[in-house]
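Q: have a look; sequence and predicted model below, questions after that.
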Amino acid sequence: AQTVTQSQPEMSVQEAETVTLSCTYDTSESDYYLFWYKQPPSRQMILVIRQEAYKQQNATENRFSVNFQKAAKSFSLKISDSQLGDAAMYFCAYYYGGSQGNLIFGKGTKLSVKP
Amino acid sequence: DSGVTQTPKHLITATGQRVTLRCSPRSGDLSVYWYQQSLDQGLQFLIQYYNGEERAKGNILERFSAQQFPDLHSELNLSSLELGDSALYFCASSVAVGTGFGETQYFGPGTRLLVL
């Protein structure tokens, strides 16, 4: 069964600094997708970034980028120039598809941003 | 705004009662997913519908059921409610299943259920 592990329950970063959130996953599939979702205090789940496993190039969305290491089954999220509004829970998620299309989530990392 | 709507936003009820949560997917999305977020279990997949048909089941209790209607909106029915059912229930939608593109799921704002 596929699993997603976020080993950092909490992280803290200074405003304008860079922080990296870690995620590892376990799968026997070769073609899959990985996501980072942000959940601010409003509890809304917001898509941050997505990565296709068949693409070697790391995805980037403005200040957010990933470091995807397929062989190591690692998918970390880097937030550059951190802003107060980045404070939230961040969830790493895996998607395989096939006969089921559900996301498998990690337990999340709570990010605090200090002014 | 993801384009996915959920009603009601909050729901307070008593043990043993039955409630219905409603979800409208983004325009054009055929797949609807229900997830439960609780403090102890995290985010868990409950059930998936595609174009009116059930496609997959996750950790959904027998007391819970769902359906997707011809207009593609979905309802999650929770019955014989217990204290432990208190959670945030999310609906998500995506374009299709098995397209090979890797569906990106967009989440609604959730329904907060409190069972007293």
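A: Happy to help now that I have it. Note that this is a predicted model, so its numbers are computed, not measured.
Q: got the contact list for stretch A:45-53?
A: A:29-40, A:58-61, A:64-66, A:68, A:70, A:75, A:77, A:90-91, B:2, B:90, B:92, B:102, B:104-107, B:110 (CB atoms under 8 Å, 6 or more residues apart in numbering or on different chains). In short, each C-beta sits where N, CA and C put it, glycine included.
Q: which residue is nearest the middle of chain A?
A: residue A:36 (3.3 Å; CA atoms, centre = their mean).
Q: how far away is it from residue A:15?
A: 20 Å (CB to CB, to the nearest Å).
Q: before we move on, the earlier item: now list the buried members of the contacts of stretch A:45-53.
A: A:32-39, A:59, A:64-66, A:68, A:75, A:77, A:90-91, B:2, B:90, B:92, B:102, B:105-107, B:110 (16 or more other CB atoms under 10 Å in any protein chain shown).
Q: give me the number of residues near residue B:19?
A: A count of nearby residues for residue B:19, using other CB atoms under 10 Å in any protein chain shown, gives 18.
Q: so where does the residue nearest to the centre of chain A fall, helix or strand?
A: For residue A:36, the element it lies in under DSSP states H and E is strand A:33-39.
Q: what's the mean pLDDT across that strand?
A: Taken as a whole, strand A:33-39 carries a mean pLDDT of 95.
Q: and if you look at stretch B:83-90?
A: Stretch B:83-90 comes out at a mean pLDDT of 96.
Q: fine by me, we can end here.
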